[in-house]
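*Asks:* pasting the sequence and the predicted coordinates here, then a few questions.
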Amino acid sequence: MAEAAKALVTRRPRKRPAWRALEAHYKKVRELHLRHMFADDAQRGERLTVEATGLFLDYSKNRITDETIELLVQLAEQSGLRDRIDATFRGDKINVTENRAVLHIALRAPRDASILVDGHNVVPDVHAVLDKMADFCNRVRNGEWKGFTGKRIRNVINIGIGGSDLGPVMAYEALRHYSERSMTFRFVSNVDATDFAEAVHDLDPAETLFIVSSKTFTTLETMANAHTAREWSVKGFGGDENSVSKHFVAVSTNAKEVAKFGIDTANMFEFWDWVGGRYSMDSAIGLSTMLAIGPDNFRAMLDGFHQMDEHFRSAPFERNLPVLMGLLGVWYADFFEAETVAVLPYDQYLKRFPAYLQQLTMESNGKHVTLDGKEVTYQTGPIYWGEPGTNGQHSFYQLIHQGTKLIPCDFIAFTETLNPLGRHHDMLIANVFAQAEALAFGKTAEQVKAEGTPDWLVPHRVFEGNRPSNMILAERLTPETLGKLVALYEHSVFTQGAIWKIDSFDQWGVELGKVLAQRIIPELESAEEPPLNHDSSTNNLIRRYRKASHG
Ligand code: F6P
């Protein structure tokens, strides 16, 4: 990088010329209404679109002008985004607080690629695990892998939490259409015993396989559930511990802990510390996904991820889907001060996609200091939330249309349905298009009056409009499309992290609560009244619980 460019990158984000220019530019743009921007530019709806890897993004209904995009792209350049992308793909240790490379892109690299971590090409390792997974999945799916009593495996339960759960659940739901319908897939994450109890209540241990998924294999919730599962399973075989090898497999980076738990490491599927938990659904953490949809579909999903990786790496920023979406997110978070982003998939199969994105976006970019440990002076990661359409329309959309908060929306829809029944799909798509239109253009008092609305009711029925949204359209929800969609958001999060100069790949914010819980557990369980040294509220709550549960 040239010296001048380097100097800009080292500046604090708000001191970069493009950020300053955006501040001035924002003052003009905030006064503009989408209604007028569209009226003044007949081509806007066609011009402000990008299509890549089969995903079409219409970003014309955003509160932007051509100049906004130019400035945002300059901001990306002045933030060193290009270098950050190259450093990541090179295997540099860009996760500075954990001194780790960030290489989920290696999980979907083709066999002949070479990606080095500390001089070692990790791509053959990735494919060796994928081959082992495929072999295992084929044997379970065709009945060759039998349970301890010789019965076929009909039920698969993934035990994991966070990235070891949300990706597998989301992918299973999203790709259910492609799943082996003769098998049952369930997911246990919560340390609340209800999760486990409900998952197994109608299952036969002889037909049930548990996948214990945990990067560290030390996570409290997962280990508690794994031990409970083991007791439940072994009890089903009259206490015979030899059954474990037929009913438990592990996915982890920690072979030592896996062996300690009693799972033969031959039945362990490995991944590596350069895969972040929330970026791991395409690693061995996707074992339940592969069992459900089969190895070929899983590889098609990886190919979708890879296509988006290549697009992200090579497309110019102004035509780059993840970069554009990331920059628009920065525009709303830091200039309009929007606190949240709603993700609204118009596809029932994507019902867990917003929940999945919550960890991806918020664990990644919910940070308050820069890479060099300085307090940020701007907003970082917004709150992501959402529900599939059209359900949300009859619930929270009211606030998006007429409330006092600005909520940028990402709509996701498919031109073809996987379940063509009557007119359902046309009605679904009409709704998603209508929502984006209503949000952008609203309804003026004149229009409301012209409908004969009495004067007193007019303000209630006015839609201000000027509510921004992206529309992401694809042909069909396939494994490949899902891979592209997830990678789109992964790289959009990355883009934002680069602008905000934060470490998007650590998650220290989850530590404190974990440590405090470990201290409180024995205080709840001890037979003797324990000395309590918390604040008066926590002490009181502990005493109250003890009284209720110890009688
Ligand atoms: O909650 C923090 C976290 O470390 C997540 O980042 C991770 O996905 C989750 O816990 C589960 O961790 P593990 O896979 O090690 O059990």
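*Replies:* Now that the structure is in, tell me what you want to look at.

*Asks:* get me the contact residues on the stretch 451-551 of the chain for the ligand.
*Replies:* Within the stretch 451-551 of the chain, the positions adjacent to the ligand are 507, 510 by C-beta under 6 Å from any ligand atom. C-beta: built from backbone N, CA, C; applies to glycine.

*Asks:* low-confidence ranges, the stretch 451-551 of the chain, go.
*Replies:* Residues of the stretch 451-551 of the chain that meet the criterion pLDDT under 70 lie in 551.

*Asks:* quick one, helices of it?
*Replies:* Ranges of helices in the stretch 451-551 of the chain, per DSSP state H, counting those that start in this stretch, are 458-461, 479-500, 511-525, 536-550.

*Asks:* same deal with the stretch 251-400 of the chain?
*Replies:* When assigned using DSSP H, counting those that start in this stretch, the helices of the stretch 251-400 of the chain occupy the ranges 255-261, 287-293, 295-314, 321-330, 353-358, 364-365, 397-402.

*Asks:* how about the nearest residue to the residue of the stretch 251-400 of the chain found nearest the ligand, chain neighbours excluded?
*Replies:* Among residues of the stretch 251-400 of the chain, the one nearest the ligand by C-beta to the nearest ligand atom turns out to be G277. It sits 2.5 Å away. By the measure of C-beta to C-beta, 6 or more residues apart in numbering, the closest residue to G277 outside its immediate chain neighbours is G163, 2.9 Å from it.

*Asks:* S280 is in contact with that neighbour, correct?
*Replies:* Yes. With the criterion set as C-beta atoms under 8 Å, G163 and S280 qualify as a contacting pair; they are 5.1 Å apart.

*Asks:* and for the two, which residues touch both?
*Replies:* In terms of C-beta atoms under 8 Å, 6 or more residues apart in numbering, G163 and S280 are both contacted by the residues K215.

*Asks:* tell me who's in contact with F248.
*Replies:* Shown in contact with F248 (C-beta under 8 Å, 6+ apart): 209-210, 212, 226, 229-230, 233, 262-263, 267.

*Asks:* which of these fall in helices?
*Replies:* When DSSP state H is applied, the contacts of F248 are split such that 226, 229-230, 233 fall in helices.

*Asks:* ok, of those residues, which one's closest to the ligand?
*Replies:* When the ones in helices among the contacts of F248 are compared for distance to the ligand (C-beta to the nearest ligand atom), A226 comes out closest, at 10.2 Å.

*Asks:* what about that closest one, how many residues nearby?
*Replies:* A226: 26 surrounding residues under other C-beta atoms under 10 Å.

*Asks:* quick check: it vs E198, distance?
*Replies:* Noted for A226: a distance of 17 Å to E198, by C-beta to C-beta, to the nearest Å.

*Asks:* just the C-alphas of stretch 234-247, formatted as PDB.
*Replies:* Written as PDB, here are the backbone C-alpha positions of stretch 234-247 (Å, rounded to 0.1, in the frame of the first residue of the first chain):
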ATOM      1  CA  VAL A 234     -26.500 -45.800  28.200                       C
ATOM      2  CA  LYS A 235     -29.500 -46.400  30.400                       C
ATOM      3  CA  GLY A 236     -31.400 -47.500  27.200                       C
ATOM      4  CA  PHE A 237     -28.800 -50.300  26.800                       C
ATOM      5  CA  GLY A 238     -29.000 -51.500  30.400                       C
ATOM      6  CA  GLY A 239     -26.100 -49.400  31.400                       C
ATOM      7  CA  ASP A 240     -23.700 -50.900  28.900                       C
ATOM      8  CA  GLU A 241     -21.000 -48.300  28.300                       C
ATOM      9  CA  ASN A 242     -19.900 -50.100  25.100                       C
ATOM     10  CA  SER A 243     -22.900 -48.600  23.400                       C
ATOM     11  CA  VAL A 244     -21.400 -45.100  23.500                       C
ATOM     12  CA  SER A 245     -19.200 -45.600  20.400                       C
ATOM     13  CA  LYS A 246     -22.200 -46.400  18.300                       C
ATOM     14  CA  HIS A 247     -24.400 -43.500  19.500                       C
END
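
*Asks:* okay, how far is it across stretch 522-541, tip to tip?
*Replies:* 14 Å (C-alpha to C-alpha, to the nearest Å).

*Asks:* what comes up buried for it?
*Replies:* E523 (16 or more other C-beta atoms under 10 Å).

*Asks:* also stretch 213-223?
*Replies:* Within stretch 213-223, the residues that count as buried by 16+ other C-beta under 10 Å are 213-215, 217, 219, 221-223.

*Asks:* restrict those residues to those near the ligand?
*Replies:* Counting by C-beta under 6 Å from any ligand atom, the members of those that reach the ligand are 214-215, 219, 222.

*Asks:* what about those, which are in strands?
*Replies:* Here DSSP state E is the test, and these give no hits in strands at all.

*Asks:* report the two members of those separated by the largest distance.
*Replies:* Among those, the pair separated by the greatest distance (C-beta to C-beta) is K215 and T222, at 9.7 Å.

*Asks:* list the residues that contact both of the two?
*Replies:* Common contacts of K215 and T222, defined by C-beta under 8 Å, 6+ apart, comprise S164.

*Asks:* ok, the closest residue to T218 other than its chain neighbours - contacts?
*Replies:* With sequence-adjacent residues excluded and distances taken as C-beta to C-beta, 6+ apart, T218 is closest to E257, at 6.2 Å. Each residue near E257 by C-beta under 8 Å, 6+ apart is listed here: 216-218.

*Asks:* repeat that for G465.
*Replies:* 33-35, 438-443.

*Asks:* and with 6 Å instead?
*Replies:* G465 is in contact with 440-442, counting by C-beta atoms under 6 Å, 6 or more residues apart in numbering.

*Asks:* around the ligand, which positions in the stretch 51-200 of the chain sit nearby?
*Replies:* Taking C-beta under 6 Å from any ligand atom as the test, the list of the stretch 51-200 of the chain residues beside the ligand reads 161-164.

*Asks:* of the residues you listed, which is the nearest to R546?
*Replies:* Nearest to R546 among those: I161, at 26.5 Å, using C-beta to C-beta.

*Asks:* PyMOL command for the buried members of the contacts of F248?
*Replies:* Written as a PyMOL command, the selection of buried residues from the contacts of F248, which uses 16+ other C-beta under 10 Å, is:
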select buried, resi 209+210+212+226+229+230+233+263+267
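
*Asks:* between the contacts of F248, which is closest to V129?
*Replies:* N267 (13.0 Å).

*Asks:* from memory that closest one sits against V249, does it?
*Replies:* Yes. Counting by C-beta atoms under 6 Å, N267 does reach V249; the two are 4.4 Å apart.

*Asks:* strands along the protein, start to end?
*Replies:* For the chain, applying DSSP E gives strands covering 49-52, 55-58, 116-117, 120-121, 155-159, 184-188, 208-213, 248-252, 268-270, 340-345, 383-385, 409-414, 469-474.
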